[in-house]
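Engineer: Test case, fold it:
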Amino acid sequence: KKSMYAVAPKYPGMDDEIEGERAVGQMIMKNRGLVAHKSKINRNPRVKKREQYRKAVIRRKGAVREVRTDEGHRYGGEQTGIKSGLSRSRKL
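Structural biologist: Take a look at the predicted model:
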């Protein structure tokens, strides 16, 4: 019954000894120490500046009207069309 409920070991036991020094891990090679967590957008400066520009353009749209270039020198006709069944004249 005891063997049925026994928990298997997490790491298998090392029977033979390894000669020489251990290889250096990636954490030791980087040697960064304690570094503050960065959000995903702050990890890439090019993407961060692109997002800042996109937001600045949206803010500017609220302050400055867009330049209309082709409306000043040509007539585009009635936008909605002339309604034949509507009369706005005054009858005397």
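
Engineer: Would you point out which residue is most central in the chain?
Structural biologist: Nearest to the geometric centre of the chain sits residue 41, at 6.3 Å (C-alpha atoms, centre = their mean).

Engineer: what about it, distance to residue 61?
Structural biologist: From residue 41 over to residue 61 the distance is 22 Å, taken as C-beta to C-beta, to the nearest Å. In this view, the C-beta of every residue, glycine as well, is placed from N, C-alpha and C.

Engineer: what residues are up against residue 80?
Structural biologist: By C-beta atoms under 8 Å, 6 or more residues apart in numbering, residue 80 lies in contact with nothing.

Engineer: Show me the shaky parts of the protein.
Structural biologist: Applying pLDDT under 70 to the predicted model, the residue ranges of the chain that meet it are 14-15, 70-77.

Engineer: State which helix of it is the longest.
Structural biologist: Assignment by DSSP state H gives helix 45-63 as the longest helix of the chain.

Engineer: Relative to the whole chain's centre, how far out is it?
Structural biologist: Taking the mean of its C-alpha atoms, helix 45-63 sits 13 Å from the chain's own mean (C-alpha atoms, centre = their mean, to the nearest Å).
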